[in-house]
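**Student:** Next one to model:
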Amino acid sequence: MSRLFRSVSLGLFLCLGLLLISWWNLFAWSVVPVSGADVLHAFTSFNDQTIAHRIVLDLRLPRLLTALLVGACLASAGVIMQGLTRNPLAAPSVLGVNAGAALGMALVSTIPAFYGALSTSIAAMLGGGFAWLLVMFLGSAWRIGGNEHGRLILAGVAISALCAALTKAVVIMEEDQAAGVMTWLAGSLADARWQTWQAFWPVALISLIGALLIAPSLNLLQLGEDNARNLGINLLRSKLFGSLLVLMLVGAAISAVGSIGFVGLIVPHIARLMFGQDFRLCLPVAMIIGALLVTLADTLSRAVTYPMETPAGAILALIGAPFFIYLVRKRTL
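**Tutor:** Here you go, the predicted structure:
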């Protein structure tokens, strides 16, 4: 009973925190002054001639909704990757998926020959998928000192560095597009508008529902492949479905706001620490925490160099990089 009460209390606390930060995000650090009362009036008695109301509904609301969904997607992708690989250090940003998706996006955004050939979401998914396949091949094929988890992380670091170098080379070759692409690579929600939201939410929502459906299979995979197979799990189908979900979640998020890293690494650990190892509970909790973290980073990004903006990806990197170093030392790779 006490454990149930603790879980319910923590869940309510997270939901309340998410609501408060979302409310704060709608009016905090605006060049044109916007108050909490303006936000309330924009929803209850919208006046098209009031600048504050237009800012809330046309600029801040789509940006907030995009931040919430991006955080949920990236956190879910991290939980699924850690469940599939049974590696607590696995995350889209660590195992090359983010870097591969960014490379795919950079190619279709800067190279004239690729214009219109693929949508940005598809390009991000293909790039992330190619990087993920390379990491899995190298991580399982290497026969060097250290454990299997260590080889996987080393392969991810190597592929991430390669994709990042290729992305920079593409940007240098197409200098006319460099400014926009570099801002996008930093991971920013500054340009998130209703058009961004409308293109983003269908893929994201379908992927998040799929993530909830795969949770029971992830629980069984933690028992080991032989035990999971004996319990009726089709390993190939589960791993393919999980990998596809990761690519859809990361590709949709990156195509919407750019390369935001470390959410998929930090959030699963926080969710497990608070609610335990059950993926049926850990996944929805991670979605809430991821949404909260990205929304908070987006809010703070407007405060660091006000009235200019710092990319939210930079704020999250400042948090995530020390956390990753701590995990690596703790696991003694």
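
**Student:** Please work out how many residues are found near the nearest residue to Gly100 once chain neighbours are set aside.
**Tutor:** In this structure, Gly100 finds its nearest non-sequential neighbour in Ala131, 2.6 Å apart by C-beta to C-beta, 6 or more residues apart in numbering. The C-beta positions use only the backbone N, C-alpha and C, and glycine is treated the same way. Look at Ala131: counted by other C-beta atoms under 10 Å, it has 27 neighbours.

**Student:** Let me know whether Ala131 touches Ala161 as I believe.
**Tutor:** No. Taking contacts as C-beta atoms under 8 Å, Ala131 lies outside contact range of Ala161: 11.1 Å.

**Student:** Can you work out which residues contact both of the two?
**Tutor:** Residues touching both Ala131 and Ala161 (C-beta atoms under 8 Å, 6 or more residues apart in numbering) are Ala99.

**Student:** okay, now Gly17: neighbour count?
**Tutor:** 15.

**Student:** Now do the contacts for it.
**Tutor:** With C-beta under 8 Å, 6+ apart, Gly17 has these contacts: Leu292.

**Student:** Find the helix or strand that it is a member of.
**Tutor:** Element membership of Gly17 [criterion: DSSP states H and E] is helix 2-27.

**Student:** elements contacting the following helix or strand past that helix?
**Tutor:** As assigned by DSSP H and E, the chain's next helix or strand after helix 2-27 is helix 36-44. Under the contact definition 3 or more C-beta pairs under 8 Å, 6 or more residues apart in numbering; DSSP states H and E, helix 36-44 sits against helix 2-27, helix 51-54.

**Student:** and those as JSON lines, adding mean pLDDT and distance to Leu69?
**Tutor:** Formatted as JSON lines, the helices and strands packed on helix 36-44 follow (pLDDT from 0 to 100; distance: least, C-beta to C-beta, whole Å):
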{"stretch": "helix 2-27", "mean pLDDT": "89", "distance to Leu69": "12"}
{"stretch": "helix 51-54", "mean pLDDT": "94", "distance to Leu69": "23"}
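
**Student:** So for Gly290, which of those helices sits nearest?
**Tutor:** helix 2-27 (10.2 Å; C-beta to C-beta).

**Student:** So, low pLDDT: which residues of this protein?
**Tutor:** Judged by pLDDT under 70, the chain has its weakly predicted residues at 1, 113-117, 140-150, 175-180, 183, 331-333.

**Student:** So which residue is dead centre in it?
**Tutor:** With distances taken as C-alpha atoms, centre = their mean, the chain has Leu74 as the residue nearest its mean C-alpha position (2.3 Å).

**Student:** so how far is Ile214 from the closest residue to Ala228 other than its chain neighbours?
**Tutor:** The shortest distance from Ala228 to any non-neighbouring residue, by C-beta to C-beta, 6+ apart, is to Leu220 (4.5 Å). In this view, Leu220 and Ile214 are 11 Å apart by C-beta to C-beta, to the nearest Å.

**Student:** next one: Gly290
**Tutor:** 17 Å.

**Student:** Looking at those two, which is more packed in?
**Tutor:** Neighbour totals were compared for Gly290 and Ile214, and Gly290 leads with 30 against 21 (other C-beta under 10 Å).

**Student:** quick check, distance from the longest helix belonging to the chain to the centre of its chain.
**Tutor:** Secondary structure of the chain per DSSP state H: the longest helix is helix 194-221. Relative to the chain's own centre, helix 194-221 is displaced by 12 Å; criterion: C-alpha atoms, centre = their mean, to the nearest Å.
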